[in-house]
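Participant: For reference, the sequence and a predicted model appear below.
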Amino acid sequence: VIAGTGNSARNAEDRLTTERGNDYLFQGFINCDQEEECVIEGNRVLGHINDINQYFESNSIDEIVIAMPGHFTKEIQKVVKVADYHGIRTIYLPDYSELFGSQYSISKYGEVDAVNVRSVPMDRRFPRYCKSAFDKVFAAVVLILLSPLFLLLSILIKMESPGPVFYCPIRIGRGGRPFKVFKFRSMRENDDSSKGTLSTTENDPRITSLGATLRKYSLDELPQFFNVLMGDMSVVGPRPHRRFLDRQLQASVSNYMIRHYVKPGITGWAQVNGWRGPSTTDIQKKQRTEHDLYYVENWSLLFDIKIILLTFGKKAHSAAY
């Protein structure tokens, strides 16, 4: 018997059916509170909690599973008391989904159950190791294969305008920690965006002729493979933002900071779906963040490979400037 008739009770039935199969004969549900929305068909409700003593006396019950929200304290205590009186084993199944949604996980913290409110695949050590190993190997191979291109671009950048080859702005990485990101310089040396105050705009006059080509094909991002080797970035992940933009999005987009659970990437799920460039409208901010969060919550190595392959397609560059 399951004590409860709400979503928690229905989830409990699904779990018990999956885990125990035909090891037990399930009789039905006990309605424990009139205020709880009943999602169980009427003919499967055996009775009300006020009649539970009589039901136990008239039927052979081995076990009752309590599946009610934790704030139903009095009802839970009553079920336990009556079950103990009849010698019926009692199991309490806490359902945290009403509090935390579907992303939580449960582990042991000493002798106590600990709930990770927002569990993501890379919380586990082995997936983190796999991603890190893939990142390092992929970045090393790219840097070796493209070393002639790096040399050529460095020469062209120096020839077109005075200044350093690399532009190294501060971006926000995993856990909200700042780091220097490497990019081929695509603007003139007197660009004020190094102060973190200006965003690049379409047809920006500060961009050099070579810089426009670098940006069009995302070649200015190639030095970020050095960031991957240094451990600041991943090949795939949410794109890193400047601090002031990070704070702006934190204040305006729900759950935005969850994207900082993982390292930022050179390319990402948002970018291959066309959400790249500046985020100025509410739709751009929301869509970009939603795609980033989907990646964080559904990561796999195959997902990374899929995004890398998509990055080489037209879709990844259609909105770049």
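Facilitator: Happy to help now that I have it. Numbering: from 1, shown residues only.
Participant: which stretches of the stretch 201-321 of the chain have low pLDDT?
Facilitator: Scanning the stretch 201-321 of the chain for pLDDT under 70 picks out 201-204, 314-321.
Participant: Residue 239 contacts residue 272, doesn't it?
Facilitator: No. Taking contacts as CB atoms under 8 Å, residue 239 lies outside contact range of residue 272: 11.4 Å. (Glycine included, C-beta is placed from N, CA and C.)
Participant: residues shared between the contacts of the two?
Facilitator: Counting by CB atoms under 8 Å, 6 or more residues apart in numbering, residue 239 and residue 272 have no common neighbour.
Participant: Skipping adjacent residues, who's closest to residue 168 in space?
Facilitator: Leaving aside its sequence neighbours, residue 168 sits nearest to residue 180 (CB to CB, 6 or more residues apart in numbering; 4.6 Å).
Participant: what about the strands in the stretch 101-250 of the chain?
Facilitator: Using DSSP state E, counting those that start in this stretch, the strands found in the stretch 101-250 of the chain span residues 105-109, 112-116, 166-167, 170-172, 178-180, 183-184, 234-236.
Participant: Okay, helices next: where are they in the stretch 1-150 of the chain?
Facilitator: Shown for the stretch 1-150 of the chain, the helices assigned by DSSP state H, counting those that start in this stretch span residues 7-20, 52-58, 73-85, 97-100, 125-145, 147-160.
Participant: any chance of these in a markdown table, with mean neighbour count and mean pLDDT too?
Facilitator: Below are the helices of the stretch 1-150 of the chain laid out as a markdown table (neighbours: other CB atoms under 10 Å; pLDDT from 0 to 100):
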| stretch | mean neighbour count | mean pLDDT |
| --- | --- | --- |
| helix 7-20 | 16 | 76 |
| helix 52-58 | 15 | 88 |
| helix 73-85 | 16 | 89 |
| helix 97-100 | 13 | 72 |
| helix 125-145 | 14 | 96 |
| helix 147-160 | 13 | 94 |
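Participant: With distance to residue 244 added, can I get the ones you listed in JSON lines?
Facilitator: What follows is those, written out as JSON lines (distance: least, CB to CB, whole Å):
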{"stretch": "helix 7-20", "distance to residue 244": "42"}
{"stretch": "helix 52-58", "distance to residue 244": "59"}
{"stretch": "helix 73-85", "distance to residue 244": "47"}
{"stretch": "helix 97-100", "distance to residue 244": "31"}
{"stretch": "helix 125-145", "distance to residue 244": "28"}
{"stretch": "helix 147-160", "distance to residue 244": "27"}
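Participant: With respect to residue 264, which of the ones you listed lies nearest?
Facilitator: Nearest to residue 264 among the helices of the stretch 1-150 of the chain is helix 125-145 (11.8 Å), distances taken as CB to CB.
Participant: Could you chop the protein up by domain?
Facilitator: Domain assignment for the chain by automatic domain parsing gives 2-119, 123-317.
Participant: and the gap between the residue nearest to residue 67 when sequence neighbours are not counted and residue 145?
Facilitator: Leaving aside its sequence neighbours, residue 67 sits nearest to residue 12 (CB to CB, 6+ apart; 3.6 Å). From residue 12 across to residue 145, the span is 54 Å (CB to CB, to the nearest Å).
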